[in-house]
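1. Dropping the sequence and predicted coords here.
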Amino acid sequence: MPPRGGVRVPGVAPGGLTPAAGGAPGGLTPAAGGAPGGRTPAAGGAPGGGSHGASGPSADSTPAVGVTPGGGSHAASNPAADGFRATGVAPREGHSGVPGWLPCSDRAIERGDPLAGTAGFGERWLLVEIESGWGRHAFFDSDLDPALGARIVARAEAEGIRPLAIRRTRLRAPQRRDQSSWRWALVDCRPGRESVRWGRVDDPAELLDVPLDGTAGEPSAAPIYAVCTHARHDQCCAVRGRPVVETLAAAHPEVTWECSHLGGDRFAATMIVFPHGLHYGRVTAERAETIVDRYAEGRVVPDLLRGRTALTTVAQAAEAFARDDTGDDRIGAFRVLSERPHPHGWTVELEHNGDRLTVEVGERLSEPMLSTCAATLAHPVREFVPVSVARR
């Protein structure tokens, strides 16, 4: 195992960023301890797919801040990565002129990085329409006044709410520049309490007066399909996310949105379905339509599902392993009863069709990887593995 500082990739300027202990909601810098806004992660899981427990590599080491390097093509596979697992050093191409580099999502596909238990934590969300271009931080680097953006984010996070910027696709630049009203949505993803409430303000400063207790706005029964296209955070989000959002917007224009960083750049295209908080990865345009169709039937697409954001990452993994064991793809098929850590992993109790399932979840560390396109230090990340599923 490499030292905790990671493996420096040769030929890459040291200005690159070390993956944080968990990607912060909205692409914001985590407070001490890795929890956005200084919040303590839920038992067994950290917001942004962070580490489980007091220390250790993260389940999804997305950095809090990213840059968009130039070059690099998205291919399904490339033999240039063959020596990576043995050395922990990735040969690179198109980044600082070093041969062999591939975008992070291409490398994740080559490695077969598991998706189960990688959805960043978020029980409740505040979606804010920001139609302008987004820099590395959608709330800080846009036409929104950065001081106001910081206050909006801080206020939401103080209430345990995860902020997310959204915008319509296919708008022309003048339309984005001339934004005169700001739609917002409060989403509750907690099982049994799923809801969406929409509102609108004429001045973004009025967002500071919107009650965050779930009473404001008009209830809506319509779903929300949000696809990350945050190019300035990671190029994979745009290259892989753009075809997905274009396809969905053409078929479902009223409920499809581009969104800012969701975490897990290496799993691009990433997509979240509200109000259930179903976070998907490696979505293609074709499979996005499958996700929509299945959601209308009250079902998930298990092989693309990273997890439900209202659950801890351990519970997400347990649910995924239970789905594999039972073949049940209904959204609400499982209810988490308990989650207990032990020296070898976790024991998660789930209710399923009136029975109790006991899922033993183990963990392992990956080989060192560059988990974002901007990363220059290769780090191992935590991955969940199924141990057993028993019914009683």
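-> Structure received.
2. Averaged over its residues, which helix or strand of the protein has the lowest pLDDT?
-> helix 84-87 (a mean of 34; mean pLDDT, DSSP states H and E).
3. Mind checking what helix or strand follows that one in sequence?
-> Next in sequence after helix 84-87, counting helices and strands by DSSP states H and E, comes helix 104-111.
4. Which strands or helices does that following helix pack on?
-> In terms of contacts (3 or more Cβ pairs under 8 Å, 6 or more residues apart in numbering; DSSP states H and E), helix 104-111 is packed against helix 235-251. All C-beta atoms are positioned from the backbone trio N, CA, C, and that covers glycine.
5. Give the rounded mean pLDDT of the helix or strand just after the helix it packs on.
-> Going down the chain from helix 235-251, the next helix or strand is strand 256-259, by DSSP H and E. The pLDDT scores in strand 256-259 average 94.
6. quick one: strand 256-259 to chain centroid distance?
-> Strand 256-259 sits 14 Å away from the centroid of its parent chain (Cα atoms, centre = their mean, to the nearest Å).
7. what lines up beside it in the sheet?
-> strand 161-167 (antiparallel), strand 224-228 (parallel) (DSSP bridges).
8. Show me what counts as buried in it.
-> Within strand 256-259, the residues scored as buried using 16 or more other Cβ atoms under 10 Å are 256-259.
9. State whether Thr290 is indeed within a helix.
-> Yes. Assigned with DSSP: H, G, I helix; E, B strand; the rest coil, Thr290 falls within a helix.
10. where's it relative to His230, distance?
-> Separation of Thr290 from His230 (Cβ to Cβ, to the nearest Å) stands at 24 Å.
11. who has more neighbours, these two?
-> Of the pair Thr290 and His230, His230 is the one with more neighbours under other Cβ atoms under 10 Å, namely 29 against 13.
12. Who are the contact partners of the more buried one?
-> 27, 134, 138, 237-238, 241, 259-261 (Cβ atoms under 8 Å, 6 or more residues apart in numbering).
13. quick check, nearest of these to Glu157?
-> Gly27 (12.9 Å; Cβ to Cβ).
14. returning to what we had before: got a markdown table for the buried residues of strand 256-259, with distance to Ala333 too?
-> As requested, the buried residues of strand 256-259 are arranged in a markdown table below (distance: Cβ to Cβ, whole Å):
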| residue | distance to Ala333 |
| --- | --- |
| Thr256 | 26 |
| Trp257 | 27 |
| Glu258 | 30 |
| Cys259 | 27 |
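15. For the protein, which segments count as helices?
-> 84-87, 104-111, 146-158, 173-177, 235-251, 285-296, 313-326 (DSSP state H).
16. hmm, back to that, nearest to Asp188, of the contacts of His230?
-> The closest of these, once distances to Asp188 are taken by Cβ to Cβ, is Cys259, at 17.3 Å.
17. where in this protein is pLDDT low?
-> The model of the chain has pLDDT under 70 over residues 1-99, 171-178, 231-234.
18. Report the buried residues of stretch 216-226.
-> 217, 220, 223-226.
19. again with stretch 267-286
-> 267-283, 285.
20. before we move on, the earlier item: export the contacts of His230 as JSON lines, with columns for distance to Thr313.
-> As requested, those are exported to JSON lines (distance: Cβ to Cβ, whole Å):
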{"residue": "Gly27", "distance to Thr313": "19"}
{"residue": "Trp134", "distance to Thr313": "26"}
{"residue": "Ala138", "distance to Thr313": "24"}
{"residue": "Cys237", "distance to Thr313": "20"}
{"residue": "Ala238", "distance to Thr313": "26"}
{"residue": "Gly241", "distance to Thr313": "22"}
{"residue": "Cys259", "distance to Thr313": "20"}
{"residue": "Ser260", "distance to Thr313": "21"}
{"residue": "His261", "distance to Thr313": "17"}
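21. Just the buried residues of the residues you listed.
-> 27, 134, 138, 237-238, 241, 259-261.
22. Nearest to Thr247 among those?
-> The closest of the buried ones among the contacts of His230, once distances to Thr247 are taken by Cβ to Cβ, is Gly241, at 10.9 Å.
23. which residues touch the closest one?
-> Going by Cβ under 8 Å, 6+ apart, Gly241 touches 227-230, 258, 268-271.
24. Return the distance of it relative to Ala288.
-> Gly241 is 10 Å from Ala288, where distance means Cβ to Cβ.
25. got any residues that touch both of those two?
-> Residues touching both Gly241 and Ala288 by Cβ under 8 Å, 6+ apart: 227, 269, 271.
26. Tell me the one of the residues you listed nearest Ala375?
-> Of those, the one sitting nearest to Ala375 (Cβ to Cβ) turns out to be Ala269, at 19.0 Å.
27. Now do Ala119 against Ala375, distance only.
-> 20 Å.
28. okay, these two: which has more neighbours?
-> Neighbour totals were compared for Ala119 and Ala375, and Ala119 leads with 34 against 26 (other Cβ under 10 Å).
29. how about the residue lying closest to Ala216 once chain neighbours are set aside, what does it touch?
-> Nearest residue to Ala216, sequence neighbours excluded (Cβ to Cβ, 6 or more residues apart in numbering): Val210, at 5.2 Å. For Val210, the contact set (Cβ under 8 Å, 6+ apart) comprises 184, 186, 199, 201, 216-217.
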